[in-house]
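Engineer: for reference, the sequence and a predicted model appear below.
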Protein chains: 4
Amino acid sequence: MNMMFLQELFNNITQRDALLRRRNPEALTPDHGHLVSACQALLASDGEASSIALASRALAIYQRLSSAEKANFFARLASDFAADATQIDEAYAAYSEARDNYTLQILFDACEPRRQELFRRLNLARDGTYELVKMREDLLELLREQPELGPIDDDFAHLFSSWFNRGFLMLKRIDWNTPASVLEKIIRYEAVHEIQDWNDLRRRLDARDRRCFAFFHPAIGDEPLIFVEVALHKGLPSRIQPILVGEENGDDPEDDDTAAFFGISNCQTGLRGISFGNFLIKQVVQELSQELPQLKYFVTLSPVPGFAQWLTEQREDEQWPEALRNTLGELETPDWHHDAVREERLKTIIRPLAARYLVEAKNTKGLPLNPVARFHLGNGAELHRINWLGDISSKGVKQAAGLMVNYLYVLDDIERNHENYTAKGTVACSNEVRDLARRARKLAKGETAK
Amino acid sequence: MNMMFLQELFNNITQRDALLRRRNPEALTPDHGHLVSACQALLASDGEASSIALASRALAIYQRLSSAEKANFFARLASDFAADATQIDEAYAAYSEARDNYTLQILFDACEPRRQELFRRLNLARDGTYELVKMREDLLELLREQPELGPIDDDFAHLFSSWFNRGFLMLKRIDWNTPASVLEKIIRYEAVHEIQDWNDLRRRLDARDRRCFAFFHPAIGDEPLIFVEVALHKGLPSRIQPILVGEENGDDPEDDDTAAFFGISNCQTGLRGISFGNFLIKQVVQELSQELPQLKYFVTLSPVPGFAQWLTEQREDEQWPEALRNTLGELETPDWHHDAVREERLKTIIRPLAARYLVEAKNTKGLPLNPVARFHLGNGAELHRINWLGDISSKGVKQAAGLMVNYLYVLDDIERNHENYTAKGTVACSNEVRDLARRARKLAKGETAK
Amino acid sequence: MNMMFLQELFNNITQRDALLRRRNPEALTPDHGHLVSACQALLASDGEASSIALASRALAIYQRLSSAEKANFFARLASDFAADATQIDEAYAAYSEARDNYTLQILFDACEPRRQELFRRLNLARDGTYELVKMREDLLELLREQPELGPIDDDFAHLFSSWFNRGFLMLKRIDWNTPASVLEKIIRYEAVHEIQDWNDLRRRLDARDRRCFAFFHPAIGDEPLIFVEVALHKGLPSRIQPILVGEENGDDPEDDDTAAFFGISNCQTGLRGISFGNFLIKQVVQELSQELPQLKYFVTLSPVPGFAQWLTEQREDEQWPEALRNTLGELETPDWHHDAVREERLKTIIRPLAARYLVEAKNTKGLPLNPVARFHLGNGAELHRINWLGDISSKGVKQAAGLMVNYLYVLDDIERNHENYTAKGTVACSNEVRDLARRARKLAKGETAK
Amino acid sequence: MNMMFLQELFNNITQRDALLRRRNPEALTPDHGHLVSACQALLASDGEASSIALASRALAIYQRLSSAEKANFFARLASDFAADATQIDEAYAAYSEARDNYTLQILFDACEPRRQELFRRLNLARDGTYELVKMREDLLELLREQPELGPIDDDFAHLFSSWFNRGFLMLKRIDWNTPASVLEKIIRYEAVHEIQDWNDLRRRLDARDRRCFAFFHPAIGDEPLIFVEVALHKGLPSRIQPILVGEENGDDPEDDDTAAFFGISNCQTGLRGISFGNFLIKQVVQELSQELPQLKYFVTLSPVPGFAQWLTEQREDEQWPEALRNTLGELETPDWHHDAVREERLKTIIRPLAARYLVEAKNTKGLPLNPVARFHLGNGAELHRINWLGDISSKGVKQAAGLMVNYLYVLDDIERNHENYTAKGTVACSNEVRDLARRARKLAKGETAK
């Protein structure tokens, strides 16, 4: 089918906006009052003849607002575009009398903040969806200081979870044949292991044993929503550095039996809370299985953020054996992992403690403290292996004493793992990890970890 | 950007469904009880690991239901998946005390029927969006007999107006280079002037002076939502038959100064009430203006459904002059338009009466009785010309005494026309039409229409 | 990569030609004298600034020539655009003295007819390649009567075999998602089993168990060069009619173990003698093997043109046993295959005779008389099975007494079969066919075929 | 039309080659003897069943040859794959007797070196065209030392001028949406003004006022053949540095009336002598005229390589006035252009001398000495303006005393300019340049240049 129009559409957006600005500079005065008026006009329009133009104008004004004026605008959104209490009361009164679907529908409509219809109409403008995502990004920034803007965020979240429904996303492979305009976004958005420049990107993407996939949404064109980097590997990889520098892992593609997911990055702050990662991983597992039937293992190589901090907290816990606490103190010696004796000593206690941290340390909801563990275990993966010196970058050493973790996705177990985790908080883990956790319990009692 | 995945996606759907059915025949027993259970399981899932599979299964069961079982299923949707009255009452009580956003949000959620979340989750399945559109098509069929299913339709309408927001639609040109799979849908869906077969289609599409455009939604692939057929023309066309048989209108493309929209067809019954037509016309006007700067007029050649019936009703109105009523009676003579004298006599009174019908005959809301007029006038067009013997097909003669109408879209007037129409019900019309309406008033008083 | 330009290119061709004609009607007087002048001007140009315009003009004139004027033009091509005898003589004299590469190059250039450079320059025009193919089509028509135009055809053949080198062809799948503009060409060009209309086409293409592939050349856009129709099948198919009416061959795609090539059609008469069919079959075998690993057999279901005529000739050969000749005479009874007894009687002798015809009847070069056999055996296929009543259409009965043949492509044998065939004329055949041929020898001696 | 196959084709090439190598390591021994045998086998094959495999093998061996072995291979190509003298003699004898087309055809075939057929068959391999281009690149390198390999190069040139006929090339726009794999080639191949890195590339390509176009050949995929960089500009630009650093030239795109071609780079050494540049410029002029109707001027901003050397030669010419020669000597002062007085003094004499150099200094064929001038004047452009300090990079100062030149393409004059240039060597130039040349004549006589 002819894809020209889509392409053209994206090309034309900037151009037309420029045109609009040139023709109508006075209409775009960047203060929040003007914008509120534009929004009211948009809501008052009947969604037909003039709505697109009004939506474009409103977004054009928004883009030109200063941060302060944006804050003012959001305050007005909260106050002037909420649901109307009187209408709600009347609607409820009618409903509580009639108890029928007709009055319920009216009550439902009355409870919906007018912002939702406003956002739906702003979406009529070319590029509207993306502008709304960016608007929420601004809002999230403000929310930290102004929690009273929360309801606006609820409206965004409600709409976005409908618009960015998995059914509307497109999976695309990212490689060296991908347009530069998309690749530069991959460079910018990589959150786990920073990409230095184009040469670094090429090392990560453009090799026989690399894959990268992203979700896109048709209405926001070449902006990726989330992407995952994969290395094909012979056996489960335990260290990230060889992967990042693009070290070849052997000559023969037929030997690769493992697909290792070594980086998953969300790209759009404005879509926070709209969950794609689990769908992405599972669809990529499917794609890779089809393309490369020889693959046997689908596994992550994941960071353990928060582990070092947890260790520090344990060291301050006087119930712990002093010897243990002293040994842990050696982590503060710079470059401790270059000293073979010290490294070996630390390895003996830190791997068990990591198992304990990941399997047994829980938050108030009874789920693992570690957010990466929560994500993968929630997806139905198994906590498979704890890799000593898996990430010896300064960041890796600092946040996780150099550890990295493999989570294993076994298609036949995903469902069961997921259910046990959701229902009972059970952490699926390998015998090796279970054994490590047992050793940690001994260590905590001052016994030798054997 | 690589479009392979999208393509593949569509190719694979049928195949994978087939696979599912082969592997799991017992899971798909086509009765509504099974389906209700599947839907409950889907709602109970947490939207993550298993949701896609559950959604696929539910839709697969639905597809196999008999009509009777579908009716049973909708009855269950109405009763078991509505909002919960107790929850609403409690939420309102809390809200009416606290009067804050937190309790309002809870009230809003309580008022939302559980069906909406169910539909959002069904959308996770491959092809889910299209299946839901088809499901609503089934529902609309049932609604005629079972108005109590109305609330389900409200939920569909609410979701679809968000999902099929103009911002998500893609305009594509349809021509002889379009895939056959799309073209056969154009043949099937043409609602205004039937397309006989592929040769007929080719006559309509594949000529220098023809254009056709359709809106598509990325999630439902190559199913057009609505399309419009356009003939380029020297001057405003007054008759449909030469256009349908593909009669050339002159040799030199530079002479064409008019784009005539001679057919607008909605394709998806399941999207009834989700309005695209106005957006389509306006975007096509833009596209054509860019492609063919020599175009001066954008005009429709539209049918006048209901006019013949209105005439019949007038004839029965004894307040009308008898002579007039007698002349109108001649419309019942078969092939009246082949008799030059009679035709001329009828022309003198019918064109004025048509103007009266279109401009002055109003429904209870004060808008024109004629639905086509309501559509184009609401879009901001002008009622421009009434064409005698514009459609001499038997359908045209029967429904509109052979009349067709040109509605004219003048970009600079659209906004004003639209506003006057919406605010005051004013019908924008040309001097000629106004003059015809004046003559009709004289005729109605028994005066000669001059 | 952005494919817009290619698409646009094709769209624009007709338009621009129209423009040229409108602007320059006098330059395009359609007589051969004008065209010869235009060709001379094109050859005199230096291939730079003005060549494209001159080439376009020449082709535009050619298109408007009457058949008679085309004949005149070709006569001038033969006489005025040949190689120059004097130059050849001088060049040879120089070469025979110097015997070096420099003089050889000059001799080579002198021997090249000026037509070749003319054709290369005509190719500069938009759509030039296709116009040249059409020009050769005209020439081939004339050649039958005017063999003296042969050298022009040699020049075309020389250039085309370079331009249409396999390395430049693109294989594309043809299916129901293919543009209608291409599909209508498939309907038109199908040469083996006529396609009635679009519904018939759809039956042939658009089913789970059908495939169609074509070669395209980038410079002639959506004009297929050759295509092959394939039916997936459980076991080797023996009859064409069930395939043509689209009879399903079972429900489960996994059961299909055979890809049957049931129609190969050349599309461009102007490319006669430029061989693509062998490459097409082999690449399609590769594609299908990759897509459907369960396929075990790649086989044709081929007609046997000429067999009926050969039988007739045998009947007139008085050395053959009279009983045999009498039985063969029954083929002249209309609808003989509806009479079970007669059919059985004929079957007993005709299948052996077909084996004899295919395996032993040779032309003057020692190759099989039957052209379809020559094609597939030359490609390395094996003559596998002779199917009684394989094609009971009137054409099939008339040309081959209703027989069809399976040629089997076994990847590991292709090379060896091909070599034996080329070197020694050996016909690779199955034991069954060999056995039939043996029976035929007995029959010919008047023995019973057992 | 479905472009998947093309895409896939390119993706698969490396993969399949790898496969071939893995399966058949012994068949690929990299010495020239093996390769010559493979080539002989390829020529002996009948172009059908086994040719593709043989061609792939031969190219795979070639790629693995050392430089020395490549030289040996070319020597064998020259000796063993030439035309056969005996055959030529016999063919000529037959021709000189018969004097007919049949014998001429045989003579022509006899004169064609067997290399040509070899190259045509090598082209059967996937990626064959590109490999042959690379092979010629190797050959050109060797030719400098071994002119006896010249005839091989003639064969390449003969084939390539047919295969890379303008009719087979595709123009594509290069921008920030182009795949990275293509863009990195643009960085590598830019020959006029070096591109430092990806950021530099982005500055050059990705702005409202930049365009870049390249020719591609369908058989060599995403390898550009030649590309041109264009800056849109208000008025004719006179300096290259602001363009290279991406300095904005004003805010309003409507003000741009000039398209300035500031870099044309050939990408494939192996296509040397196959001329595309003229076609590229003219087609880009067409494309830009259509896209941006407000453009009035199409102009280059071109270097003047060789000018500085010519000045040096003049300085040594004792017939020139001594004062003039002394002033020219100041060019040797480092950073002379930073000294306003000196710069002004030099400007007065150097611009006239440049005009003289470009207009009057001719080579032995009576054409301008300067190669850039020859290219653009041969295309029909006008030598329009000589820009003082147009390129103050060290390269620009060194090779051309900092001058740059605008050549102007006026569509209506191109044909006439071209013809005058070709026929009479006339240099089309503006009055200003003509005036400068006149001043230079005065200067040469020791008069003041006024």
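Structural biologist: In hand now; what should we look at?
Engineer: tell me where the model's unsure across the stretch 151-300 of chain A.
Structural biologist: The stretch 151-300 of chain A contains residues with pLDDT under 70 at A:248-251.
Engineer: hmm, 80 instead?
Structural biologist: Scanning the stretch 151-300 of chain A with the threshold set as pLDDT under 80 gives A:247-254, A:275.
Engineer: which stretches of it form helices?
Structural biologist: A:180-189, A:198-205, A:241-244, A:277-291 (DSSP state H, counting those that start in this stretch).
Engineer: want to throw those into TSV with distance to chain C and mean neighbour count?
Structural biologist: In short, each C-beta sits where N, CA and C put it, glycine included. Output for the helices of the stretch 151-300 of chain A, formatted as TSV (distance: least, Cβ to the nearest Cβ, whole Å; neighbours: other Cβ atoms under 10 Å in any protein chain shown):
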stretch	distance to chain C	mean neighbour count
helix A:180-189	12	19
helix A:198-205	17	19
helix A:241-244	29	18
helix A:277-291	11	18
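Engineer: could I get those helices as a markdown table with distance to residue B:71?
Structural biologist: Shown next, in a markdown table, are the helices of the stretch 151-300 of chain A (distance: least, Cβ to Cβ, whole Å):
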| stretch | distance to residue B:71 |
| --- | --- |
| helix A:180-189 | 48 |
| helix A:198-205 | 53 |
| helix A:241-244 | 57 |
| helix A:277-291 | 34 |
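Engineer: so which bits of the stretch 101-250 of chain A are right by chain C?
Structural biologist: Residues of the stretch 101-250 of chain A found near chain C (Cβ under 8 Å from any Cβ of the partner chain) are residue A:177.
Engineer: what residue in the stretch 101-250 of chain A comes nearest to chain B?
Structural biologist: When scored by Cβ to the nearest Cβ, the stretch 101-250 of chain A has residue A:218 as its residue closest to chain B, at 3.6 Å.
Engineer: number of nearby residues for that residue?
Structural biologist: 18 (other Cβ atoms under 10 Å in any protein chain shown).
Engineer: which ones are touching it?
Structural biologist: Neighbour list for residue A:218: A:6, A:168, A:170, B:168, B:170, B:218, B:219 [criterion: Cβ atoms under 8 Å, 6 or more residues apart in numbering or on different chains].
Engineer: once you drop chain neighbours, what's closest to the spatially most central residue of chain A?
Structural biologist: When Cα atoms, centre = their mean is applied to chain A, the residue found nearest the centroid is residue A:266 (3.8 Å). Excluding its sequence neighbours, the residue lying closest to residue A:266 (Cβ to Cβ, 6 or more residues apart in numbering or on different chains) is residue A:226, at 5.1 Å.
Engineer: spit out the contact partners of the one you found.
Structural biologist: Counted by Cβ under 8 Å, 6+ apart, residue A:226 has contacts A:214, A:215, A:264, A:265, A:266, A:267, A:276, A:277, A:280.
Engineer: relative to its centre, which residue of chain A is most distant?
Structural biologist: Chain A, farthest from centre, Cα atoms, centre = their mean: residue A:97 at 45.6 Å.
Engineer: what pLDDT does it get?
Structural biologist: pLDDT, residue A:97: 94.
Engineer: which stretch of helix or strand covers the closest residue in space to it that isn't next to it in sequence?
Structural biologist: Spatial nearest neighbour of residue A:97, excluding adjacent residues (Cβ to Cβ, 6+ apart): residue A:103 at 7.7 Å. Assigning secondary structure by DSSP states H and E places residue A:103 in helix A:101-111.
Engineer: pick the one among the contacts of residue A:226 closest to chain C.
Structural biologist: Among the contacts of residue A:226, and counting by Cβ to the nearest Cβ, the member closest to chain C is residue A:214, at 18.8 Å.
Engineer: which residues touch the closest one?
Structural biologist: A:171, A:172, A:174, A:186, A:224, A:225, A:226, A:227, A:228, A:267.
Engineer: make a PyMOL selection of the buried ones in those residues.
Structural biologist: Buried members of the contacts of residue A:214, defined by 16 or more other Cβ atoms under 10 Å in any protein chain shown, are picked up in PyMOL with:
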select buried, chain A and resi 171+172+174+186+224+225+226+227+228+267
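Engineer: do I have it right that the residue nearest to the centre of chain A meets residue A:191?
Structural biologist: Yes - contact criterion Cβ atoms under 8 Å: residue A:266 and residue A:191 qualify, at 7.0 Å.
Engineer: how about the residue in the stretch 151-300 of chain A positioned nearest to chain C: what's its closest non-neighbour residue?
Structural biologist: Nearest to chain C, among the residues of the stretch 151-300 of chain A, is residue A:177, at 7.7 Å (Cβ to the nearest Cβ). Counting by Cβ to Cβ, 6+ apart, residue D:179 is the residue found nearest to residue A:177 once chain neighbours are left out, at 4.4 Å.
Engineer: just to check, that neighbour is in contact with residue A:174?
Structural biologist: No - using Cβ under 8 Å, residue D:179 makes no contact with residue A:174, being 11.0 Å away.
Engineer: number of nearby residues for residue A:276?
Structural biologist: What residue A:276 shows, counting by other Cβ under 10 Å, is a neighbour count of 22.
Engineer: what's the distance between the nearest residue to it once chain neighbours are set aside and residue A:72?
Structural biologist: Excluding the flanking residues, the one nearest residue A:276 by Cβ to Cβ, 6+ apart is residue A:226, at 4.7 Å. Remark: distance between residue A:226 and residue A:72 (Cβ to Cβ, to the nearest Å) = 32 Å.
Engineer: equivalent analysis for residue A:329, please.
Structural biologist: 52 Å.
Engineer: who's more crowded, these two?
Structural biologist: Per other Cβ under 10 Å, whichever of residue A:329 and residue A:72 has more neighbours is residue A:72, with 17 against 11.
Engineer: contact partners for the more buried one?
Structural biologist: By Cβ under 8 Å, 6+ apart, residue A:72 lies in contact with residue A:32.
Engineer: next one: residue A:175
Structural biologist: The contact partners of residue A:175, by Cβ under 8 Å, 6+ apart, come to A:205, A:206, A:211, A:212.
Engineer: go on, residue A:329?
Structural biologist: With Cβ under 8 Å, 6+ apart as the criterion, the residues that contact residue A:329 are residue A:315.
Engineer: which helix or strand contains it?
Structural biologist: Counting by DSSP H and E, residue A:329 is part of helix A:322-329.
Engineer: tell me the buried residues in that helix?
Structural biologist: Quick answer for helix A:322-329 (16+ other Cβ under 10 Å): A:324, A:327, A:328.
Engineer: tell me the secondary structure at residue A:402.
Structural biologist: What DSSP: H, G, I helix; E, B strand; the rest coil gives for residue A:402 is coil.
Engineer: neighbours of the closest residue to it other than its chain neighbours, just the number please.
Structural biologist: Of all residues not flanking residue A:402 in the chain, residue A:389 sits nearest, at 4.9 Å (Cβ to Cβ, 6+ apart). By the criterion of other Cβ under 10 Å, residue A:389 has 18 neighbours.
Engineer: residue A:389 should be in a strand, yeah?
Structural biologist: No - per three-state DSSP, residue A:389 lies outside any strand segment and is coil.
Engineer: against chain D, how distant is it?
Structural biologist: In this view, residue A:389 and chain D are 33 Å apart by Cβ to the nearest Cβ, to the nearest Å.
Engineer: ok now do that residue, which residues does it touch?
Structural biologist: Taking Cβ under 8 Å, 6+ apart, one finds A:239, A:337, A:343, A:402, A:403 in contact with residue A:389.
Engineer: now for the nearest residue to the third one once chain neighbours are set aside: which residues touch it?
Structural biologist: When you say that, I think you mean residue A:343. Excluding its sequence neighbours, the residue lying closest to residue A:343 (Cβ to Cβ, 6+ apart) is residue A:337, at 5.1 Å. When contacts are counted by Cβ under 8 Å, 6+ apart, residue A:337 is found next to A:343, A:389, A:392, A:397, A:402.
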